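1. here are the coordinates; sequence isn't available:
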């Protein structure tokens with residue numbers, strides 16, 4: 001279905017929103033869980049699910065990063081208000097994760113969509129092999145039209161419960177998945193020059209960089225349900241912008257918050273200087289230390305220069321000591337660097353499959369790995 005850049009009332013939606021194909025939406029605990037009753041705000045969740053279903057029908061891919069497990073679980077277990085001890089936080093998360101996953105499953109099933117629970121810690125978006133596993137799982141889910149629901153794995157995390165927040169986790173997920181747009185649904189509708197409601201405070205509608213002056217504007221303590229504040233949203237913005245992902249802070253207190261955003265609701269847009277693909281390629285090319293070398297034949301070199309992935313059949317030799325997900329240099333038969341990329345196999349396995357057809361990988365290694373030794377999405381050419 002073709003997507004219009006105009007809303008139902010004829011207003012023109014922002015191009016950063018209408019052009020976004022992959023969207024990450026962060027949902028805070030205070031939006032999902034009633035602070036007094038400790039119960040899920042089912043009516044609000046229904047409106048959010050309607051918005052997500054419309055986006056998916058429109059050809060978008062949506063990833064939710066949801067808080068709420070601890071808030072739901074503490075009510076079930078009867079824990080008192082206020083800051084919980086680590087062990088009680090983990091116990092509450094263990095109970096609340098079941099309720100939260102069940103709620104998302106039910107609300108999306110009613111709209112013909114499958115929901116999938118992904119439990120991550122910040123470490124899963126930093127350690128290379130875990131990063132690749134998470135990326136591939138979420139990418140596969142999006143490819144079949146499912147809605148991944150990411151939550152911090154609070155039952156096993158320690159520092160994350162004490163100091164972490166889903167603002168930064170959502171930004172790391174957006175970076176990992178090369179998302180076009182990150183939406184932070186908040187209890188405020190954007191970044192203000194001073195505390196919202198105070199004399200002279202005004203909403204900042206758009207930012208293209210986060211300066212020390214902007215950081216100084218961020219403040220506000222977190223509630224017992226939401227550990228994040230505006231300062232964590234600024235930190236999330238830094239991660240997103242560095243990854244080429246636009247970020248927007250807008251109110252989640254309204255029903256149909258994503259529809260409201262598309263219709264021009266008050267918000268603060270933080271605009272990246274480059275797109276996610278360019279940012280990821282730049283990261284691979286210049287910020288990762290290569291751990292090994294793949295020497296390829298002339299046919300493989302020609303294939304790479306036309307935008308193809310590197311298959312094992314075109315590799316003649318491997319050098320170095322590398323693990324799956326490490327950066328490697330790809331050299332042509334003349335010894336010159338052709339590309340750099342993230343390798344899909346550790347050195348030992350890579351050495352066993354070079355020169356072989358992709359269809360032989362499972363028989364050689366005993367498991368079905370990726371067909372490409374370095375996929376084109378994880379590669380940047382050094383010369384045209």
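-> Perfect, I can see it now. No experiment lies behind these values; they were computed from the predicted model shown. Numbering: from 1, shown residues only.
2. Endpoints of stretch 172-186, how far apart?
-> For stretch 172-186, the first-to-last residue distance is 18 Å (Cα to Cα, to the nearest Å).
3. So for the most far-flung residue of the chain relative to its centre, what's the pLDDT?
-> Within the chain, the residue lying farthest from the chain centre (Cα atoms, centre = their mean) is residue 334, at 39.1 Å. Residue 334 carries a pLDDT value of 93.
4. Then residue 36?
-> 85.
5. Kindly confirm my reading that it forms part of a helix.
-> No: under DSSP: H, G, I helix; E, B strand; the rest coil, residue 36 sits outside any helix and is assigned coil.
6. can you give me the strands in the stretch 51-200 of the chain?
-> Counting by DSSP state E, counting those that start in this stretch, the stretch 51-200 of the chain has strands at residues 61-66, 115-120, 147-152, 181-186.
7. Make CSV from those strands and add distance to residue 284 and mean neighbour count to it.
-> Using the backbone N, CA and C atoms, a C-beta is placed for each residue, glycine as well. As requested, the strands of the stretch 51-200 of the chain are exported to CSV (distance: least, Cβ to Cβ, whole Å; neighbours: other Cβ atoms under 10 Å):
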stretch, distance to residue 284, mean neighbour count
strand 61-66, 22, 25
strand 115-120, 22, 20
strand 147-152, 23, 25
strand 181-186, 21, 27
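8. for the ones you listed, which one sits closest to residue 85?
-> Closest to residue 85 of these is strand 147-152 (Cβ to Cβ; 17.6 Å).
9. Sheet-wise, list the partners of that closest one with their directions.
-> If you go by DSSP bridges, strand 147-152 pairs up with strand 61-66 (parallel), strand 115-120 (parallel).
10. Return the residues in contact with residue 123.
-> residue 130 (Cβ atoms under 8 Å, 6 or more residues apart in numbering).
11. So which of the strands paired with strand 147-152 is nearest residue 314?
-> Of all these, strand 61-66 comes closest under Cβ to Cβ, at 31.2 Å.
12. Not counting the closest one itself, show me its contacts.
-> Against strand 61-66 from outside (Cβ under 8 Å, 6+ apart): 21-27, 32, 52, 55-56, 100, 104, 138, 142, 147-151, 166, 169-170, 173-174, 177, 179.
13. I'd like to know which of those residues are part of helices.
-> Among the contacts of strand 61-66, the members falling in helices (DSSP state H) are 32, 52, 55-56, 100, 104, 138, 142, 166, 169-170, 173-174.
14. From these, which shows the smallest pLDDT?
-> Of all these, residue 166 has the smallest pLDDT value, namely 84.
15. That one contacts residue 30, correct?
-> No: at 11.7 Å, residue 166 does not count as touching residue 30 under the criterion of Cβ atoms under 8 Å.
16. Which one's more surrounded, the two?
-> residue 166 (26 against 23; other Cβ atoms under 10 Å).
17. now the strands of the stretch 51-200 of the chain as CSV including mean pLDDT?
-> As requested, those are exported to CSV (pLDDT from 0 to 100):
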stretch, mean pLDDT
strand 61-66, 97
strand 115-120, 93
strand 147-152, 92
strand 181-186, 96
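18. quick one: which of these is nearest residue 259?
-> strand 181-186 (11.9 Å).
19. helices and strands around the closest one, which ones?
-> The contact analysis (3 or more Cβ pairs under 8 Å, 6 or more residues apart in numbering; DSSP states H and E) places strand 181-186 against strand 22-27, helix 166-176, helix 230-242, strand 246-251, helix 257-262.
20. Just the buried residues of the contacts of strand 61-66.
-> 22-27, 32, 52, 55-56, 100, 104, 138, 142, 147-151, 166, 169-170, 173-174, 177, 179 (16 or more other Cβ atoms under 10 Å).
21. show me the contacts for residue 241.
-> So residue 241 contacts 209, 210, 247, 270, 271, 272, 273 (Cβ under 8 Å, 6+ apart).
22. still on that earlier bit, export the helices and strands packed on strand 181-186 as JSON lines, with columns for distance to residue 354.
-> JSON lines is the format used below for these (distance: least, Cβ to Cβ, whole Å):
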{"stretch": "strand 22-27", "distance to residue 354": "33"}
{"stretch": "helix 166-176", "distance to residue 354": "28"}
{"stretch": "helix 230-242", "distance to residue 354": "35"}
{"stretch": "strand 246-251", "distance to residue 354": "40"}
{"stretch": "helix 257-262", "distance to residue 354": "47"}
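23. Residue 112 is nearest to which of those?
-> Per Cβ to Cβ, nearest to residue 112 of the helices and strands packed on strand 181-186: helix 257-262, 17.8 Å.
24. what does that closest one contact?
-> Helix 257-262 is contacted from outside by 7, 13, 17-18, 25, 47-48, 50-52, 54-55, 183, 185, 248, 250-251, 254, 265, 267, using Cβ under 8 Å, 6+ apart.
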